[in-house]
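>>> attaching a predicted model along with its sequence, questions to come.
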Amino acid sequence: MGLKLISDGYLVPIAEQSAAAGLEFEPRMMDGKHSAEIVKDVNEGDYDLVVLGVLASAGAHSQVGSVCERVVRRSTKDVLVVKHLANAEDTSARDTILVGVDGSPQSFGALMTAIELAERFDKKVEAIAVYDP
């Protein structure tokens, strides 16, 4: 019961904010290991994009937390990883989308997605290609 109350503490405010913005919102709670349940839902669901926030453990060698890493590795859907918490008053610092291209179809798919996002949200796109001589 206590864990349900904690989850409600997250979901109720999001539901209220979504309703105020006129957005559809479906709250769901699952019981199990974080990454396994998220991956199961993502891979079985009809999602276009999964968005995860990163919280790396203190002192960890990785900049990506274990739940985020497991979901990214096992997801069959595109995943956007958010590491930086934007300051609501300073939007100028986040006006460019960087895309790594390596000649693979997936990297060109990423470029096309970045271009679409840039057009929709009035951002710039930069592409980077790196070679190892």
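Okay, I see it.
>>> quick one: residues contacting the residue nearest in space to the middle of the chain.
Of all residues in the chain, the one closest to the mean position by C-alpha atoms, centre = their mean is residue 51, 2.1 Å from it. Applying C-beta atoms under 8 Å, 6 or more residues apart in numbering, we find residue 51 in contact with 79, 80, 82. In short, each C-beta sits where N, CA and C put it, glycine included.
>>> assumed it was part of a strand.
Yes. According to DSSP: H, G, I helix; E, B strand; the rest coil, residue 51 belongs to a strand.
>>> separation between it and residue 13?
From residue 51 over to residue 13 the distance is 17 Å, taken as C-beta to C-beta, to the nearest Å.
>>> again with residue 64
26 Å.
>>> also residue 111?
Residue 111 is 36 Å from residue 13, by C-beta to C-beta.
>>> tell me which of these two has more neighbours.
residue 111 (16 against 10; other C-beta atoms under 10 Å).
>>> pLDDT wise, what is the more buried one at?
At residue 111, the model reports a pLDDT of 95.
>>> tell me how far the ends of stretch 125-133 are from each other?
26 Å (C-alpha to C-alpha, to the nearest Å).
>>> how far off centre is that stretch?
Distance, stretch centre to chain centre, for stretch 125-133: 23 Å (C-alpha atoms, centre = their mean, to the nearest Å).
>>> touching it from outside, list them.
96, 97, 98, 99, 100, 101, 102, 111, 114, 115, 118.
>>> what mean pLDDT does that stretch have?
On average, stretch 125-133 scores 90.
>>> out of the contacts of residue 51, which is most surrounded?
Busiest of those [other C-beta under 10 Å] is residue 79, holding 15 neighbours.
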